[in-house]
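Chemist: model the structure of this input:
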Amino acid sequence: MANLNKVMLIGNLTRDPELRVTPKGTAICTFSIAVNRKFRDESGADREEVTYVDIEAWGKSGENISKYCTKGRPLFVEGRLRLDQWEDKNTKEKRSRMKVVLENFQFLGSGRGEGGAPAGGEGGEARSYAPRNAAPARPAAPAAQENLDEDVPF
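Modeler: The predicted model follows:
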């Protein structure tokens with residue numbers, strides 16, 4: 001049986017990212033985003049539901065998010081779910097927390113007044129960052145030829 005663990009979210013950072021470094025020098029950035037869902041309830045009233053998601057970004061991706069993102073910044077996040085489990089030291093209760101381990105992301109918005117995105121490019125531009133071992137992009141399709149009607153034999 002096949003398995004799939006893929007998450008794609010767009011939301012706003014709920015706090016400034018926190019960057020730590022492991023003893024071996026690997027960067028780990030932790031942050032949280034708020035994902036809003038608007039809907040109409042049974043009575044016809046407009047409602048909004050907010051889901052808060054913890055995210056962990058490793059390496060260069062984490063460094064870039066920490067450098068260019070601040071609270072309120074919109075961000076597209078792609079990653080996988082991971083369940084952390086531990087025992088509380090004080091109460092000895094089993095605890096758990098679901099988080100997203102980032103694999104790819106894009107800055108959203110203009111970067112002007114929204115967390116200071118990297119310079120360069122037009123406002124509203126999205127920048128994508130993927131791991132170095134990501135698959136290469138496919139070559140562009142050949143351009144359409146004009147006057148195709150002349151080649152049709154009927």
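
Chemist: could you use CA atoms for every contact and neighbour count after this?
Modeler: Fine.

Chemist: against Ser96, how distant is Phe39?
Modeler: Computed with C-alpha to C-alpha, to the nearest Å, the distance linking Phe39 and Ser96 is 30 Å.

Chemist: kindly apply the preceding question to Gln106 instead.
Modeler: Counting by C-alpha to C-alpha, the gap between Gln106 and Ser96 amounts to 28 Å.

Chemist: counting neighbours, go ahead and name the busier of those two.
Modeler: Gln106 (18 against 12; other C-alpha atoms under 10 Å).

Chemist: relative to the helix or strand Lys38 falls within, what are the paired strands and their orientations?
Modeler: Secondary structure assignment for Lys38, by DSSP states H and E: strand 27-40. Sheet neighbours of strand 27-40, with direction, are listed as strand 7-13 (antiparallel), strand 18-21 (antiparallel), strand 46-58 (antiparallel) (DSSP bridges).

Chemist: who's in contact with the second one?
Modeler: Counting by C-alpha atoms under 8 Å, 6 or more residues apart in numbering, the neighbours of strand 18-21 from elsewhere in the structure are 27-31, 62-63, 66.

Chemist: what's the answer for the last one, then?
Modeler: Surrounding strand 46-58, the residues in contact under the criterion C-alpha under 8 Å, 6+ apart are 26-41, 62, 98-103.

Chemist: what element comes up after that strand heading to the C-terminus?
Modeler: Next helix or strand after strand 46-58 toward the C-terminus (DSSP H and E): helix 59-68.

Chemist: any idea how far that next one is from the chain center?
Modeler: Its chain's C-alpha centre lies 12 Å from the corresponding centre of helix 59-68 when counted by C-alpha atoms, centre = their mean, to the nearest Å.

Chemist: how about the helix or strand that comes right after that helix: buried residues?
Modeler: Along the chain past helix 59-68, the next helix or strand (assigned with DSSP H and E) turns out to be strand 74-87. Taking 16 or more other C-alpha atoms under 10 Å as the basis for neighbour counts, the residues of strand 74-87 that come out buried are 74-80.

Chemist: hmm, back to that, got the contacts of strand 18-21 as JSON lines, with neighbour count, pLDDT and distance to Glu56 columns?
Modeler: What follows is those, written out as JSON lines (neighbours: other C-alpha atoms under 10 Å; pLDDT from 0 to 100; distance: C-alpha to C-alpha, whole Å):
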{"residue": "Ala27", "neighbour count": "18", "pLDDT": "96", "distance to Glu56": "10"}
{"residue": "Ile28", "neighbour count": "19", "pLDDT": "97", "distance to Glu56": "7"}
{"residue": "Cys29", "neighbour count": "22", "pLDDT": "97", "distance to Glu56": "6"}
{"residue": "Thr30", "neighbour count": "20", "pLDDT": "97", "distance to Glu56": "5"}
{"residue": "Phe31", "neighbour count": "22", "pLDDT": "98", "distance to Glu56": "7"}
{"residue": "Gly62", "neighbour count": "22", "pLDDT": "96", "distance to Glu56": "8"}
{"residue": "Glu63", "neighbour count": "20", "pLDDT": "96", "distance to Glu56": "11"}
{"residue": "Ser66", "neighbour count": "21", "pLDDT": "96", "distance to Glu56": "11"}
